[in-house]
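Trainee: how would this look folded up:
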Amino acid sequence: MPTFHRLAVLALAASTAVLAPNAANAFVPSSSFVPSCRVAIGTPSPSRGRRGTGMNMMFDQLSSAISDVAKNLGPKKRMTEKGIAKALKDVRRALLDADVNLGVADALIDGVKKRSVGQEVMKGVTADQQFIKSMYDELLDMMGGDSSAGGNTAGGPKNVPAATLATGTEGEPAVVLLAGLQGAGKTTAAGKLALYLKEREVDYDKVEEMGEEANNLLASRMPTRNRRVLLAAADVYRPAAITQLEVLGQSIGVDVFSMGTEADPVDIAAQAVAKAKAEGYDTVLVDTAGRQVIDEDLMDELRRIKDKVQPDETLLVVDAMTGQEAASLTAAFDSAVGISGAVLTKLDGDSRGGAAVSVRGVSGKPIKFVGTGEKTPDLEPFYPDRMASRILGMGDVVSLVEKAASEVSDADAAAMTQKMLEAKFDFDDFIKQSKLVSKMGSFAGVAKMIPGMAGQIDNSKMREIERRMKKNEAMICSMTKKERANPELLITDRTARSRLRRITQGSGTLLEDGVQFMSEFQRMRTMMSRMQKQMGGAAPGAAGPGGMMEGEAPEPAMAGNRAMRRKAKKQKKRGGGARGFG
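Mentor: From the prediction side, this is the model:
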């Protein structure tokens, strides 16, 4: 199994392990990772606070509205203008409700109409699916992607962002100027970008040299540039702005150049570039001052800094929560001082998402990076295809896998997926997966990346899942090492009930909680095994030619756990099996 698929199975299994056993249908992904049930994920990071449990995340409203529109298209053999008129009207209303710029919304609707009208509904595809595909392609082009490029090979990840950042050398460093209004998050974005360039930026020159080998590599497995970055503190007006940047620089191991609050920002930027050239830095990030509103003083200072240091990039930092105003702001800054792209911050907030769709459509400038959280590592390149997928409620499995890949090695992923396939998943593995999901981000943030998950779980259900997870972890902590490694002792063994009574008493939970957990755990193991089999997993050396064990009769494709249930039923009729209660 390719590394991407193995990590995809692990990430999806870890994320769905809590609620999936209670779903009406087990989580069974297709080859395109589209689930047919409602799922949830593991425990959130305690440090995230209440924000991590809020489900009114960006794009939820837009995703739900578009999904509802598509479902109402009904069975059609041909897409006609009259047949999709109501759907387009409802989508337009949904876009405007999501604070998408009016001109962008109209252009998007016109593009979808041109792609849809007169087209025959393809065989094996429903009208609503073909309509969503037209929406996806138009959104992709609107946000800077290329719908004509098609998919990548072998079902691997798409790893080329909308735009990359200018590169420099030790003698001629790349100078990046960060501009924006006060409160947009420029200083924090400067620290995040410095860390990204230092540790995670992909070296696409080396990737290109790898040829076909790089097609299915995750971004976290690609060669990195590892830049040597210098931060320049040129915001001398906002109280503690320089101190904030110095603290950020110290926390990520990046040097900060400052001259105090009495110096001219133009001189600070110029001397920072001179220092970079003299001391071997290859990138300079200049954090400039902001204002509450656009004014001539702000623009004049930016022009003087640009004239002095001749930056390779001028990035406008915009707050996603300002909606379509972010697009107008980008156009205004570009007209006044000229920018090369935008950094969209606070994408994990509860705004309606109009900024992400509108920025490029209004200003013509690409979104280069997005802020996905409050912590310093929470900055990612902007991938139009992944964003379009999230907006349409199709999830973002590639980003989910990228997060998992950054937290788990290939060897650990292979070992875990093998245990899933063989249904040997134990309580120690359950704890590991809970911690993995916690490291992958906020509860609601990870949930949005799971296909079909957007809008399916409200705050009350999320809190219920959190409470149950705490109980489950408490019960696992009360188990012996032997019980953790061998779940059958608590499910089918003769001593199962007495063991479970001891565990629940020791963890401060009820016996009913323990029985429920064991039942959920059994269904979770079944779901994981089925998921792994449908993804094409197999135990090494277990199958002979044709994929069967030697001497074994052929079994219907993807029989999954049906055969296991039949076998268990026969054993029960013969009086076999232990007398546990699970």
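Trainee: show me what contacts residue 298?
Mentor: Counting by CB atoms under 8 Å, 6 or more residues apart in numbering, residue 298 touches 289, 290, 291. The way it works is simple: take the backbone N, C-alpha and C, and place the C-beta from them, glycine included.
Trainee: just the pLDDT at it, thanks.
Mentor: Confidence at residue 298, expressed as pLDDT, is 84.
Trainee: likewise residue 542?
Mentor: In the predicted model, residue 542 carries a pLDDT score of 38.
Trainee: what about the helices in the stretch 1-150 of the chain?
Mentor: 3-16, 60-71, 81-97, 102-116, 127-142 (DSSP state H, counting those that start in this stretch).
Trainee: any idea which of the ones you listed gets closest to residue 478?
Mentor: Among those, helix 3-16 comes nearest to residue 478, with 22.7 Å by CB to CB.
Trainee: thinking again about what came up before, just the buried subset of the contacts of residue 298, please.
Mentor: Among the contacts of residue 298, the ones that count as buried by 16 or more other CB atoms under 10 Å are 289, 290, 291.
Trainee: for these, point out the one with the lowest pLDDT.
Mentor: Among those, residue 291 has the lowest pLDDT, at 76.
Trainee: got CSV for the helices of the stretch 1-150 of the chain, with distance to residue 438 too?
Mentor: Output for the helices of the stretch 1-150 of the chain, formatted as CSV (distance: least, CB to CB, whole Å):
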stretch, distance to residue 438
helix 3-16, 10
helix 60-71, 22
helix 81-97, 33
helix 102-116, 37
helix 127-142, 31
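Trainee: going by mean pLDDT, which of those comes out lowest?
Mentor: Checking each of the helices of the stretch 1-150 of the chain, the one with the poorest mean pLDDT is helix 3-16, at a mean of 61.
Trainee: between the buried ones among the contacts of residue 298, which is nearest residue 140?
Mentor: residue 290 (31.7 Å).
Trainee: my guess is the closest one contacts residue 186, does it?
Mentor: Yes - counting by CB atoms under 8 Å, residue 186 is a contact partner of residue 290 at 6.0 Å.
Trainee: surely residue 119 is in contact with residue 79?
Mentor: Yes - judged on CB under 8 Å, residue 119 makes contact with residue 79 at a distance of 4.9 Å.
Trainee: overlap in contacts of these two?
Mentor: With contacts taken as CB under 8 Å, 6+ apart, the residues that reach both residue 119 and residue 79 are residue 130.
Trainee: quick one, which of the two is more surrounded?
Mentor: Neighbours were tallied for residue 119 and for residue 79 using other CB atoms under 10 Å; the higher tally belongs to residue 79 (21 against 15).
Trainee: contacting residues for the more buried one?
Mentor: By CB under 8 Å, 6+ apart, the residues touching residue 79 are 116, 117, 118, 119, 120, 121, 127, 130, 131.
Trainee: where exactly do the strands run in this protein?
Mentor: Ranges of strands in the chain, per DSSP state E, are 174-179, 229-233, 255-257, 283-287, 313-319, 341-345, 367-371, 379-381.
Trainee: now the last one, how far from the centre of its chain.
Mentor: Relative to its parent chain, strand 379-381 has a centroid offset of 10 Å by CA atoms, centre = their mean, to the nearest Å.
Trainee: can you name every helix or strand that it contacts?
Mentor: Secondary-structure packing of strand 379-381 (3 or more CB pairs under 8 Å, 6 or more residues apart in numbering; DSSP states H and E): helix 186-199, strand 367-371.
Trainee: now these as a markdown table including mean neighbour count?
Mentor: Listed next are the helices and strands packed on strand 379-381 as a markdown table, based on neighbours: other CB atoms under 10 Å:
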| stretch | mean neighbour count |
| --- | --- |
| helix 186-199 | 24 |
| strand 367-371 | 25 |
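Trainee: sorry, back to before: list only buried entries from the contacts of residue 79.
Mentor: Buried members of the contacts of residue 79, counted by 16+ other CB under 10 Å: 116, 117, 121, 127, 130, 131.
Trainee: the second one - nearest residue in space that isn't next to it in sequence?
Mentor: By the measure of CB to CB, 6 or more residues apart in numbering, the closest residue to residue 117 outside its immediate chain neighbours is residue 81, 4.9 Å from it.
Trainee: what about that neighbour, neighbour count?
Mentor: Neighbours around residue 81, by other CB under 10 Å: 11.
Trainee: start at 29 instead
Mentor: Okay, using 29 as the starting number, the last item reads as residue 109.
Trainee: quick one, longest helix in this protein?
Mentor: Criterion DSSP state H: the longest helix present in the chain is helix 539-562.
Trainee: before we move on, back to that, and the buried ones among the contacts of residue 326, which of them are in helices?
Mentor: Per DSSP H, the buried ones among the contacts of residue 326 never map to helices.
Trainee: nearest to residue 522, of the residues you listed?
Mentor: Each of those was scored against residue 522 by CB to CB, and residue 318 proved nearest at 69.4 Å.
Trainee: run through the residues that contact the closest one.
Mentor: 207, 208, 209, 210, 211, 212, 214, 263, 266, 326.
Trainee: repeat that with 6 Å
Mentor: 208, 209, 210 (CB atoms under 6 Å, 6 or more residues apart in numbering).
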